[in-house]
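Participant: how does the following fold in three dimensions:
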Amino acid sequence: MNQKVFKTLEYTKIRNILADKASSPGGKRLCQELAPFDSLSALQKALKETSDALSRLWHGGSLSFSGVHDITASIKRLEVGSTLSQSELLEVSRLLDTALRVKGFGRNEQDEDREDSLTEYFQGIEPLSPVNNELKRCIVSEEELADDASSTLHSIRRTIRNTNDKIRSQLNSMVNSQNMRTNLQDFVITMRNGRYCLPVKADCKGNVPGMVHDQSSTGSTLFVEPMSVVQMNNELRELAGKEKEEIERILAELSALVGEKTEELTYNLQILTHLDFIFAKAALSKDMKIWKRYPGNPVFAHEADGTITGDAHIQKMGDVYVMFYFSAFEPSRRYKAFNTFAASYDFGVTKPVVQFTKKFTNNEDASANFWMAQLGTSTPLWGGKWMVSASYLKNQTVDKADAWSLGTKYAYPLSKRTRIYGGVEAVFNDDKAGYAIEAGPDSSLHFNFSGDNVGKGNGYGIPDNLLGKNSVEFFVGINHQF
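Facilitator: Below is the predicted model of the structure:
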């Protein structure tokens, strides 16, 4: 499919909506690369994975893949024996944290007697807990290793703290000395070039023996390292060098540990990225209107030779709901196809809906081929919904007349799946036989027709009852989604 078709269909907008549901950069990339399938088997596999992921979301709650980042470059460096930085090792640790969490989610949702299309993915994840625990023990943040990363590092840092305390104690005694205070520009201890200094007045430099490391912009203040702390500052610099060497050794050791698991890390990254993509589709599906299909009538189910059945799809884009319902050829039905496209804008209180329907039959005696346009609105009232609709039906057979209809309906929910409704509709035509076409939208673009849908729970259908010229129909019913 070329890009012009994508643009015409606004396919990119759909992919952007899907990408917002993914947590990881890799998952978002897969969402943006999603294209129509050219293989029925691949399509059925993807639909099954999405359906299974949605089932797991309903039972186990949300699942985040936010800790999954692309560590491919780090893995390649490990494969050639390079040492990773603290931030790179932390990325590995976050990936393994996510692996552990996702594997636990899959384990909690797995029934011992039931496996689905995602089971193999979850089973293939390797959290590498011993490796991750060592990383978490040693690395505090991207800038700091834990003191206990090694006994040597702990000893060096303890000595650094003691030396710092000695230097500050010595300088504090000088700052608080009455003889010294007259020589200082300010009574503070500062750092210059990594060494402790005192701000000395330029004209009092001879009174404070030491090394000058800096001066103020005006030249009135010199930053002097007193001789009494020079040796301790030197020790501090040496300790800092030893600390750096020990940190480099620890990072090399951790990198070697992680480097032994590059194959598992690569597989984890691939699985988690793909699962993020699958669960993004499931999360988007969860946000859409949930349709309970007839048993044995799933989307694209080939139940027999020459049999393809259909289903409804709703997409919410901001305040706009768009619905498409299709049903292709099925030998046991009287029509070849029944296709509906509808759009609704949510104004908060009132929701107008525009719908267009085209019907094709495979039995000339059953009913006429026709197209129909409808305009309706839905408003909350007394805990239910009051709906008003107007329809125009254009018959495409010579023995059937065109028809206009005006109707109103009130529906009251008894539960999430069951509601009762009643209303009246007037049909105006120039023939003995016309169609009673009662319709009205609810809060999620669910149209209900009187007639053959009552009690089935699908919510879609065309009534078979034929009315006389300029007829009025009163109707009541109950609708339940099984």
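Participant: helix, strand or coil: sort out Lys166 for me.
Facilitator: helix (DSSP: H, G, I helix; E, B strand; the rest coil).
Participant: can we start the residue count at 595 from this point?
Facilitator: In the new numbering, first residue 595, that becomes Lys760.
Participant: find the nearest non-adjacent residue to it, please.
Facilitator: Met826 (5.8 Å; Cβ to Cβ, 6 or more residues apart in numbering). Backbone N, C-alpha and C define where each C-beta goes, glycine included.
Participant: doesn't Gln764 make contact with the one you found?
Facilitator: Yes. With contacts counted by Cβ atoms under 8 Å, Met826 reaches Gln764, the gap being 7.4 Å.
Participant: what strand or helix carries the residue lying closest to Gly970 once chain neighbours are set aside?
Facilitator: Setting aside the residues directly before and after it, Gly970 is nearest to Ser983 in space (Cβ to Cβ, 6+ apart), at 3.7 Å. For Ser983, the host element (DSSP states H and E) is strand 978-989.
Participant: mean confidence for that strand?
Facilitator: Averaged across strand 978-989, pLDDT comes to 76.
Participant: check which residues of it are buried.
Facilitator: Using 16 or more other Cβ atoms under 10 Å as the test for burial, strand 978-989 gives Gly978, Lys979, Trp980, Met981, Val982, Ser983, Ser985, Leu987, Asn989.
Participant: can you pull the contacts of Phe871?
Facilitator: Contacts for Phe871 (Cβ atoms under 8 Å, 6 or more residues apart in numbering) come out as Ala616, Gly621, Leu624, Cys625.
Participant: beta partners of Gly970?
Facilitator: Val947, Ser983 (DSSP bridges).
Participant: what's the local residue count around it?
Facilitator: Per other Cβ atoms under 10 Å, the neighbour tally for Gly970 reads 23.
Participant: for Ser999, see how far away it is.
Facilitator: Using Cβ to Cβ, to the nearest Å, we find Gly970 at a distance of 11 Å from Ser999.
Participant: can you pull the residues that touch both of the two?
Facilitator: Ser983, Ala984.
Participant: mind naming the longest helix for the protein?
Facilitator: When the chain is parsed with DSSP state H, its longest helix is helix 821-853.
Participant: tally of neighbours for Leu624?
Facilitator: 20.
Participant: name the nearest residue to it, ignoring sequence neighbours.
Facilitator: Of all residues not flanking Leu624 in the chain, Phe871 sits nearest, at 4.0 Å (Cβ to Cβ, 6+ apart).
Participant: touching, Leu778 and Asn770? I think so.
Facilitator: No. Assessed by Cβ under 8 Å, Leu778 is found out of contact with Asn770, at 10.6 Å.
Participant: between those two, which has more neighbouring residues?
Facilitator: Neighbour comparison, Leu778 and Asn770: the larger count goes to Leu778, with 20 against 10 (by other Cβ under 10 Å).
Participant: quick check: beta-bridge partners of the more buried one?
Facilitator: As for beta bridges, Leu778 partners with Val794 under DSSP bridges.
Participant: in contact with Met768, which residues?
Facilitator: Counted by Cβ under 8 Å, 6+ apart, Met768 has contacts Met774, Leu792, Pro820, Ser822.
Participant: most neighbours of all those, which one?
Facilitator: That'd be Leu792 among the contacts of Met768, by other Cβ under 10 Å, with 24 neighbours.
Participant: phi first, then psi, for that one.
Facilitator: phi -120, psi 140 (degrees, to the nearest 10).
Participant: who touches stretch 647-667?
Facilitator: 616-621, 682, 685-686, 688-689, 691-692, 695-696, 699-700, 702-703, 710, 712, 859-860, 863, 866-867, 869-870, 872-873, 875-877, 879-880.
Participant: now which of the residues you listed would you call buried?
Facilitator: 616-618, 620-621, 682, 685-686, 688-689, 691-692, 695-696, 699-700, 703, 710, 712, 859, 863, 866-867, 869-870, 872-873, 875-877, 879.
Participant: what packs against the strand holding Ser983?
Facilitator: Contact partners of strand 978-989 among helices and strands, from 3 or more Cβ pairs under 8 Å, 6 or more residues apart in numbering; DSSP states H and E: strand 964-975, strand 997-1007.
Participant: least reliable of these going by mean pLDDT?
Facilitator: strand 964-975 (a mean of 72).
Participant: and Glu819, how many neighbours does it have?
Facilitator: A count of neighbours around Glu819, defined by other Cβ under 10 Å, yields 22.
Participant: pairing partners for the helix or strand harbouring it, with directions?
Facilitator: Following DSSP H and E, one finds Glu819 within strand 815-820. Strand 815-820 sits in its sheet next to strand 789-795 (antiparallel), strand 804-809 (antiparallel), going by DSSP bridges.
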